[in-house]
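[1] pasting the sequence and the predicted model now:
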Number of protein chains: 2
Amino acid sequence: MNQKQNKQSGGKAAKTAITPTRAEDYPQWYQQVVRAADMAEPSDVRGCMVIKPWGYALWENVQRVLDGMFKATGHRNAYFPLFIPKSYLEKEAEHVEGFAKECAVVTHHRLEDDGQGGLKPAGELEEPLVVRPTSEMIIGATYAKWVQSYRDLPILINQWANVVRWEMRTRLFLRTAEFLWQEGHTVHATEAEAREETAKMHEVYARFAEDYMAMPVIKGAKPEHERFPGAVETYSIEAMMQDRKALQAGTSHFLGQNFARAQDIEYLGEDNQRHHAWTTSWGVSTRLIGGLIMTHSDDDGLVLPPLLAPAHVVILPILPKGKPAEPVLSWCEQLAEELRGVRFGDRNVEVELDTRDLRGGEKTWQWVKRGVPIRLEVGERDIAEDSVFMARRDLGVKDKHAVKRSEFVATVGVILQEIQDALLGRAKAFREENSRVIDDLEAFKAFFTPENAENPEIHGGFVKAHWDGTTETAERVQKELGVTIRCLPEDGEEPGSCIITGRPSAGRVVWAKAY
Amino acid sequence: MNQKQNKQSGGKAAKTAITPTRAEDYPQWYQQVVRAADMAEPSDVRGCMVIKPWGYALWENVQRVLDGMFKATGHRNAYFPLFIPKSYLEKEAEHVEGFAKECAVVTHHRLEDDGQGGLKPAGELEEPLVVRPTSEMIIGATYAKWVQSYRDLPILINQWANVVRWEMRTRLFLRTAEFLWQEGHTVHATEAEAREETAKMHEVYARFAEDYMAMPVIKGAKPEHERFPGAVETYSIEAMMQDRKALQAGTSHFLGQNFARAQDIEYLGEDNQRHHAWTTSWGVSTRLIGGLIMTHSDDDGLVLPPLLAPAHVVILPILPKGKPAEPVLSWCEQLAEELRGVRFGDRNVEVELDTRDLRGGEKTWQWVKRGVPIRLEVGERDIAEDSVFMARRDLGVKDKHAVKRSEFVATVGVILQEIQDALLGRAKAFREENSRVIDDLEAFKAFFTPENAENPEIHGGFVKAHWDGTTETAERVQKELGVTIRCLPEDGEEPGSCIITGRPSAGRVVWAKAY
Ligand SMILES: [Zn+2]
Ligand SMILES: [Zn+2]
């Protein structure tokens, strides 16, 4: 694979490291970027992925930053059981309707000899258990025991965990049966406090997406029919991918008293009366990694925002033929050490020094495809001039410049921030280019209709248009055009008339095709 | 509970915050310490625990330090599927024999209406899946695809994950159906390299236990009948709890080529021949938390080694009656901020400022039970003298001293290190006191026999005695006295004759009752 791609990219036949390109076949391009960057792969277990070290290191950075933001807003982590008893799911009809359909059900607690050289399930459980698809039910049951008085509130807890939702059609990071996520679950004495919490975490997600992932998002409320099952309000952040589809990248739910009622989360107030509490939940998952890839990557592979990149700089020594490698290697090692002492973002600069015995072109292309923000080539000539040959991943692959070593060390943080800003700027510009305010149904249809129906080109984008507020109208559009309401944006209030039915509309909503 | 205990500890009837004491009923004492320190609780899901924020924060510190040690020894993290297909377990008889017996089996992927207002499993899977009890099988199958040539080796990967082993009799942290752990899985080209890796991680665990947990351990190899199923050698670290029983706190397995053969992990060598690779695995779990609790805690509750404590210092403001609280609170806040700027171990000093409206005694006892290394009481009089009233958790509860504020800030790191060292010293002394070299069978029996058989007092300890090397002899001792061979210690070589059978022995082994 590497060799073939390398030939392609080095030779004349193909101009890009990834085949097909985004324009040629976007879904295939995505799979190839994930593979070429060595991020993840499907496993033999239906719908489950293996997250490889390069992909997992990115997730670790996502976790570290988000975890810091959660703690800074007063939350603590805890851990709740993987399994949910079936009876818990029987309690909350609306919620279960949304999750019970496709989940992993544990029915036995033993495997035993089947008498034919194989194993068969044995030890049937009295009550089947479900592998958590989300933990509202199990955490709520625990909170019901913890909450007695208003003095026990608020409860502000987050959990990092794996969850399972049986999926037939899976795509790495974007939709898998098992995935990793965090789920915040909070309990409050008042509606106002719970609403404030929901809004606060919604904002945390938006800040993380923009400030760290360099992925601009639209914040808004979901229409009723797209809410989390059992929620009073669901808020999401919506990002535009390079195929102009929307990705829902994080959600924050105001659950009202619905779960507290189903689970008897009650407290004795200062008024000496019993009250049902108010709860929220909020989560992001490894889906963020899919969003990051689809926001920034290009036809040469992954492009990583420096604030989350597993490595910021890769040093590629060019070893002189027929001469000792040591002087070049030790010069590079010293440079690496010096760079590792420089602060960037919330950690020190991370450096890979690639001393593998591979052809230079092959090595370079591997790191291009892995998306490292800065590549440094260092050969004897560079050392003689006390300089490095630098390439930035956000610029063209051939765009390389000699930089004095000392200058590079002094400015590496600035360059990384420039790359971070450039990625955000580029993604914002892309979204603006592909966003429209539309008041005319024909224009709306045209915008979302591919010119080539058999092999649809990348088309559409985000449209702000009026909607009459009915699920019926939303479903009509979804059925006809495959376009859904992504959210009711925060700044959307503006009376008008629905683009579909002409009925009154309270404001423009964001429409798009979506993942 | 708190109130009751507080009365007990404050009043005359009881002298300790935890009832029963260690001497009265050690297992019950343990459960009460876990509960009083707010670390964890059983859940409604059979055998699964809820790890509460204070317990989870301790686990996060364990994770952070260990993760750093793994990375410093060249390992990277990755993530593999939660589920293992049944057919994988049918491949490796010896290994499965050890794990298939009690595991969670997923047989269906849906719940549907049972027509009686409930839900029933539906969508039967063609092949049942087992929730991982350990990941050798699933990770090995993945490595078989990754490993082609000697250039792909070594593979040095760790996973942080939840695992499930169905357990009927559970105890918080020590034995639960679901638990959290890390599992390292490595692949090497040569036996020597794999053995070196096994030894290296064994040493990492021992260093972590002693340097961070302040828990002295004996390093050694397990006797054959106690090895991990399928392993060629299992090495463990064994710690002595305060009931003088041994706790196996971490294991490192040299798997030889057994798993590589079962899973076809083969590589093309530099010799252009195909070879089976050599593999290792190693793990520690939330069981470490149980070990930490049982090593250091006393009859007043949890005692935390400062290097892993979720908080190092708690400040307890004593608010003046009928006067504004603000001057005291702001003095305490400033002190907290200043302390948070002091470095200790691999992080800054973490401070809790407890401003809750509770009686002073109740607050103090809560923090004693939670094991925070340093408590500071600050009232108007202390502020007037620019000092704090300090108590160390490793000393008596009433042992408090006034210290000048500036002196405390300047020396807090030193004091914390003193506490850390004191805990290790105390635990080492305890182990030495309760360890014997025994060459006489009657003395051996007497050492392990309680004086009161109906209600056994704390007795026994570690014995170094000769053993003839046979499983038969070991099983005889286990049956008769409930004593097992914990390990063949690294420094144990010394010819002699077996204390049981009189047959030749290659060296002394460590015997103990164990968790
Ligand atoms: Zn109720
Ligand atoms: Zn083979």
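    Alright, I've got the coordinates. Ligands and ions are numbered 1, 2, ... in the order given.

[2] strands of the stretch 101-250 of chain A, start to end?
    Under the criterion DSSP state E, counting those that start in this stretch, strands of the stretch 101-250 of chain A are mapped to A:105-113, A:119-131, A:155-164, A:178-188, A:218-221, A:233-240, A:246-254.

[3] I'd like the ones you listed as JSON lines, with distance to chain B appended.
    (Each C-beta comes from the backbone N, C-alpha and C, glycine too.) As requested, these are exported to JSON lines (distance: least, CB to the nearest CB, whole Å):
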{"stretch": "strand A:105-113", "distance to chain B": "4"}
{"stretch": "strand A:119-131", "distance to chain B": "4"}
{"stretch": "strand A:155-164", "distance to chain B": "6"}
{"stretch": "strand A:178-188", "distance to chain B": "5"}
{"stretch": "strand A:218-221", "distance to chain B": "29"}
{"stretch": "strand A:233-240", "distance to chain B": "23"}
{"stretch": "strand A:246-254", "distance to chain B": "20"}
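
[4] redo the ones you listed as TSV? Include mean pLDDT.
    Listed next are the strands of the stretch 101-250 of chain A as TSV, based on pLDDT from 0 to 100:
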stretch	mean pLDDT
strand A:105-113	94
strand A:119-131	95
strand A:155-164	98
strand A:178-188	98
strand A:218-221	98
strand A:233-240	98
strand A:246-254	98
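
[5] in CSV: the ones you listed, plus mean neighbour count.
    Listed next are the strands of the stretch 101-250 of chain A as CSV, based on neighbours: other CB atoms under 10 Å in any protein chain shown:
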stretch, mean neighbour count
strand A:105-113, 21
strand A:119-131, 18
strand A:155-164, 21
strand A:178-188, 23
strand A:218-221, 21
strand A:233-240, 25
strand A:246-254, 25
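
[6] for residue A:434, which of those is the nearest?
    strand A:233-240 (6.5 Å; CB to CB).

[7] and that closest one, which strands flank it?
    Here strand A:233-240 is paired, per DSSP bridges, with strand A:218-221 (antiparallel), strand A:246-254 (antiparallel).

[8] now it, how far from the chain's geometric center?
    The chain centroid and the centroid of strand A:233-240 are separated by 12 Å under CA atoms, centre = their mean, to the nearest Å.

[9] what sits up against it?
    A:198-199, A:202, A:205-206, A:209, A:215-222, A:226-228, A:246-254, A:291, A:295, A:427, A:430-431, A:434-435, A:461-462, A:486-487, A:510, A:512 (CB atoms under 8 Å, 6 or more residues apart in numbering or on different chains).

[10] kindly export it (C-alpha atoms) in CSV.
    Provided in CSV are the C-alpha atoms of strand A:233-240 (Å, rounded to 0.1, in the frame of the first residue of the first chain):
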residue,chain,number,x,y,z
GLU,A,233,-34.4,20.1,24.7
THR,A,234,-31.3,18.8,22.8
TYR,A,235,-28.6,21.3,21.8
SER,A,236,-25.9,20.4,19.3
ILE,A,237,-22.9,21.7,17.6
GLU,A,238,-23.0,21.1,13.8
ALA,A,239,-19.9,21.2,11.6
MET,A,240,-19.6,21.3,7.8
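
[11] for chain B, see how far away residue A:37 is.
    From residue A:37 over to chain B the distance is 14 Å, taken as CB to the nearest CB, to the nearest Å.
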